[in-house]
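Student: Build me a model from this:
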Amino acid sequence: MLKVYVEKIRKNFSVNAEINCDAKGAVSIIGDSGAGKTTLLRLIAGLEKPNTGKIEIKDKTLFSSKTKVNIPPHKRKISYVFQEYTLFPHWNIEKNILYTAKDKEFGNELIEHFKISHLRKRKPSKASGGERQRAALAQAIARQPDLLLLDEPFSSLDPKNRKKGCEFLISARDKINCPVVLVTHDHEEASEIGDFVYVMENGRIFNS
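Tutor: Below you'll find the predicted structure:
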């Protein structure tokens, strides 16, 4: 289970948000640009430090202002799919995915599931945008993380590939053995992927 309450105070903007998600559940967060969605993900991932609050995954405390706990990002076992693709450009698609995989058989299963087996030996630059994004999702899931964070993962795709990417992610839900937090501008995408949808405005979270 994911439990988050964080407050980040800046000069002209603050984030004060609380979210909870079941062990294999998915939460979608929608909101306008500048609402604080990406900042919230960065706080959860440990890329930024909250001023106060607590972050807990699977009963393990990753951050607590009260007990002075702050686990560094590389030890949080979180997969973060950014708007930009996270693939290593000098490696082929197969190596990008299997290198991160705790279980190579599971990694190969994901390659098949996301229908990118024909791209195994290609560099990311030789794949389409939709194919690269599916490879990035496979890479993130292959790590078998404790939490999967998705920051507008399909925003750079055309409508057809965006819909296809969303469908692939939904079909992979049974393979993701952890909570998922999705940030998106797309209301339809948010409702299709998330078990719960939150709205973020001016750094604060509201139930949809």
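
Student: C-alpha only now, for contacts and for neighbours.
Tutor: Will do.

Student: which secondary structure elements does the host helix or strand of L169 contact?
Tutor: Assigned by DSSP states H and E, L169 belongs to helix 159-171. Under the contact definition 3 or more CA pairs under 8 Å, 6 or more residues apart in numbering; DSSP states H and E, helix 159-171 sits against helix 129-142, helix 187-193.

Student: Next secondary structure element downstream of the helix-or-strand element of the chain with minimal mean pLDDT?
Tutor: Sorted by mean pLDDT, DSSP states H and E, the helices and strands of the chain end with helix 159-171, the least confident at a mean of 87. Using DSSP H and E, the next helix or strand after helix 159-171 towards the C-terminus is strand 180-184.

Student: what pairs with that next one, and is each one parallel or antiparallel?
Tutor: strand 26-30 (parallel), strand 147-151 (parallel) (DSSP bridges).

Student: can you list contacts of the last one?
Tutor: Pointing back at strand 147-151 there. 38, 41, 57, 77-83, 140-141, 178-184 (CA atoms under 8 Å, 6 or more residues apart in numbering).

Student: The least confident helix or strand of the chain vs helix 129-142, what angle?
Tutor: Angle of helix 159-171 versus helix 129-142, following axes from the mean of the first three to the mean of the last three CA atoms, to 10 degrees, is 20 degrees.

Student: nearest to E48, of the strands paired with strand 180-184?
Tutor: strand 147-151 (14.6 Å; CA to CA).

Student: can I get the CA coordinates of the closest one in PDB?
Tutor: Provided in PDB are the C-alpha atoms of strand 147-151 (Å, rounded to 0.1, in the frame of the first residue of the first chain):
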ATOM      1  CA  LEU A 147       5.900   1.700  -6.900                       C
ATOM      2  CA  LEU A 148       5.400   2.800 -10.500                       C
ATOM      3  CA  LEU A 149       5.200   6.500 -11.200                       C
ATOM      4  CA  LEU A 150       4.000   7.700 -14.700                       C
ATOM      5  CA  ASP A 151       4.300  11.400 -15.600                       C
END
